[in-house]
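Novice: Have a look at this prediction, sequence included:
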Amino acid sequence: MESLVQHLSARWSLGPWGQELLAAAAILLVAALVFVVALTYAGIITWVERRVAGRTQSRVGPNRVGPFGFLQWLADGAKMILKEDVIPAQADGPMFRLAPYACMLGVFTAFVSVPFGQLLIAADLNVGILFLLAITSLVVVGVLMAGWASNNKWSLLGGVRSAAQIVSYELPAGLAVLVVVLGAGSLSMQDIVRAQGGAPWNWFVFRDPFCLVAFFLYFTAAVAEGNRTPFDLPEAESELVAGYNTEYSGIRFGGFFLGEFANIYLLSAIATSLFLGGWQVPGVSPAEQAGSVWLQLLGFAIFFAKAWALVFVVVWLRWTLPRLRVDQLMGLCYRYLIPLAFACLLGTSLLLLAVVPGSALDLGLRLGTTGLGALGGALFAWRVAHHIRRAGDRVSLDVLQRGARGAFDPAWQTRRYGAFRKAARGQEER
Amino acid sequence: MPADPGLVERAWSLADLAFYGLAALSVGCGLYAALSRNIVRSVFSLLGTFLGVAGLYACLAADFVAVVQLLVYVGGILVLMLFAVMLTSRIEVASRSNRYPGLPSTALGLLLGAGAAVMLVALALLAPWAPAEAPLPYAPTTVELGRILLTRGLLPFELLGLVLLAVVIGAVVIARREEGGR
């Protein structure tokens, strides 16, 4: 990047001011690129969310715009831009207008130090992970600003709830991150990824049992910080209408929404980089990867796959778990997550002192934890399969496929519905 | 005022522009916080001040301090102030939150502010700044900071930890309800 700027300024024989302006333009270009990527991801996640929701609840979901309704998010974006931007008469105008920007700034600025690949990072800051934790606290201010400026009691309650929740859950998230930082010996995102390996037993999540727990702690706390179900009290529809964004409409509402969905990708990307090996390719050292374009692309694809798998988990959680109560939410954080996080920190520190890196004990610990993780995953999958078998997949999902092919036939659906009702009646009579 | 022989004459660059922009942001938002009649807006305008100061630290190649400024002031102190302000009843009424304190208090405040400003400017002008031949490289500061904190600064560091622990315990004791109380 720097060399490119120098090359161009030498070629165009620019003065010192020209060079500075060129560098500034390059920075702006990269910033715009990061912004567009983050926006696109946020948009796609809205589509993923609705498709997964449809599937989970045995209904169709968006399927008209583009293949499998994939372009729905573009249509929704156009709709939001075209809608009227309503500002309530009693609201605090300037602050009401500013609040969505504060939220978006907090999330989208964080994307500059997300390592999408070995060379694909806008700014590998020396204090990268700390920067990520710090800049996202702008979201709290934005949410409080929206809650206050709306001059609406639902909004204010939602804003205060959200701020309390984010501030509380920053503690376990920060402590879990600290467990990783201890192991990597650096705060830079790229150094943390480089300290891991491509194979699962070289990831930080499986380094020792404490790290495994820290991964779940981080993930839970990050989902809570993102105000996602089961922690979506700030916008609990049944209590607060829509919480802090009740009074918002049009693209300002869209701003909050995009920030929230970009945050899902952000938390997944951070978890991937910190715990799941980031862009590391199994069997390839970072030095080898740096030399080959194909390995770079493969590393990016691996990061992409892991991060999107976590995004799917976040969406899946939302449509599976019920919402917590306020006291349960705070109890979970202060009674369980924080003590557990401190225990993990202590345990990892002691293990770092006791176990020599690269020794047989280290390898045994890694393999053992990986086995533990695999066993847990297998057990979970077995239970899920068991419950699906027991509940029975009563609703045929081929409605989805018909809709996707474009041959949508309302009469056919009605017939299906009639069949369901008949079956249901039959059960009642029995 | 005599020109400092240590200062090297150099042309303005974008970094200077960024520095003065950030300084203007901090000072402007600070003035708004002091002069606004709406105390909630005052607190929110402090956001600009904190961000500006974090940017100034970044300009001075103090990456760790800049990020900690964000983490502590925006994520902690500002949110705390917002909570305090928002949970006070009828806070937005200016006659309650921003009452005119009377002429003697205003005069005293202005005097103190002017005194502090004079002292700071005098310090900045009189301090024997080390002459900088070239702009400092943007070197990481975390390693050195950590080393100092755990060697030369260990005692103050541990004492600060103790003070914070005492504060936490004190807060719990104050906020706690008596057993069997309402």
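Specialist: That came through fine.

Novice: In chain A, what residue comes closest to chain B?
Specialist: A:S137 (3.0 Å; CB to the nearest CB). C-beta: built from backbone N, CA, C; applies to glycine.

Novice: number of nearby residues for that residue?
Specialist: Neighbourhood size, A:S137 [other CB atoms under 10 Å in any protein chain shown]: 23.

Novice: Next: B:A107.
Specialist: By the criterion of other CB under 10 Å, B:A107 has 10 neighbours.

Novice: Report the central residue of chain A.
Specialist: Chain A has A:I264 as the residue nearest its centroid, 2.2 Å off, counting by CA atoms, centre = their mean.

Novice: Who are the contact partners of the residue of chain A closest to chain B?
Specialist: A:106, A:166, A:170, B:70-71, B:74-76, B:79 (CB atoms under 8 Å, 6 or more residues apart in numbering or on different chains).

Novice: Leaving out chain neighbours, which residue sits closest to B:V79?
Specialist: Nearest residue to B:V79, sequence neighbours excluded (CB to CB, 6 or more residues apart in numbering or on different chains): A:V140, at 5.4 Å.

Novice: From what I see, the one you found and A:Q165 are in contact.
Specialist: No - judged on CB atoms under 8 Å, A:V140 makes no contact with A:Q165 at a distance of 9.4 Å.

Novice: higher neighbour count, those two?
Specialist: The neighbour comparison of A:V140 against A:Q165 (other CB under 10 Å) goes to A:V140, with 27 against 23.

Novice: Okay, and A:S273 sits in which element?
Specialist: Element membership for A:S273 (DSSP states H and E) is helix A:250-275.

Novice: For the residue nearest to A:L120 when sequence neighbours are not counted, give its distance to A:V293.
Specialist: Ranked by CB to CB, 6+ apart and with sequence neighbours excluded, the top spatial neighbour of A:L120 is A:F300, at 6.1 Å. Look at A:F300 and A:V293: by CB to CB, to the nearest Å, they are 11 Å apart.

Novice: Which secondary structure element is home to the residue nearest the centre of chain B?
Specialist: Centroid-nearest residue in chain B: B:F50, 6.4 Å away (criterion: CA atoms, centre = their mean). Assigned by DSSP H and E, B:F50 belongs to helix B:39-59.

Novice: which stretches of chain A have low pLDDT?
Specialist: A:1-6, A:9, A:13-14, A:16, A:234-239, A:391-430 (pLDDT under 70).

Novice: for it, longest helix please?
Specialist: For chain A, the helix with the greatest residue count under DSSP state H is helix A:16-56.

Novice: is that one anywhere near chain B?
Specialist: Yes - Helix A:16-56 comes into contact with chain B (CB under 8 Å from any CB of the partner chain), by way of A:16, A:20-21, A:23-24.

Novice: how about JSON lines for the residues you listed, with neighbour count added?
Specialist: Putting those into JSON lines (neighbours: other CB atoms under 10 Å in any protein chain shown) gives the following:
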{"residue": "A:P16", "neighbour count": "13"}
{"residue": "A:E20", "neighbour count": "19"}
{"residue": "A:L21", "neighbour count": "14"}
{"residue": "A:A23", "neighbour count": "19"}
{"residue": "A:A24", "neighbour count": "14"}
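
Novice: out of those residues, which one sits closest to A:L276?
Specialist: Proximity of these to A:L276 (CB to CB) peaks at A:A23, which lies at 34.6 Å.

Novice: A:V37 versus A:F116, what's the distance?
Specialist: Counting by CB to CB, the gap from A:F116 to A:V37 is 8 Å.

Novice: which of the two has more neighbours?
Specialist: A:F116 (21 against 18).

Novice: check whether stretch A:328-343 contacts chain B.
Specialist: No - Stretch A:328-343 stays clear of chain B (CB under 8 Å from any CB), getting no nearer than 11.2 Å.
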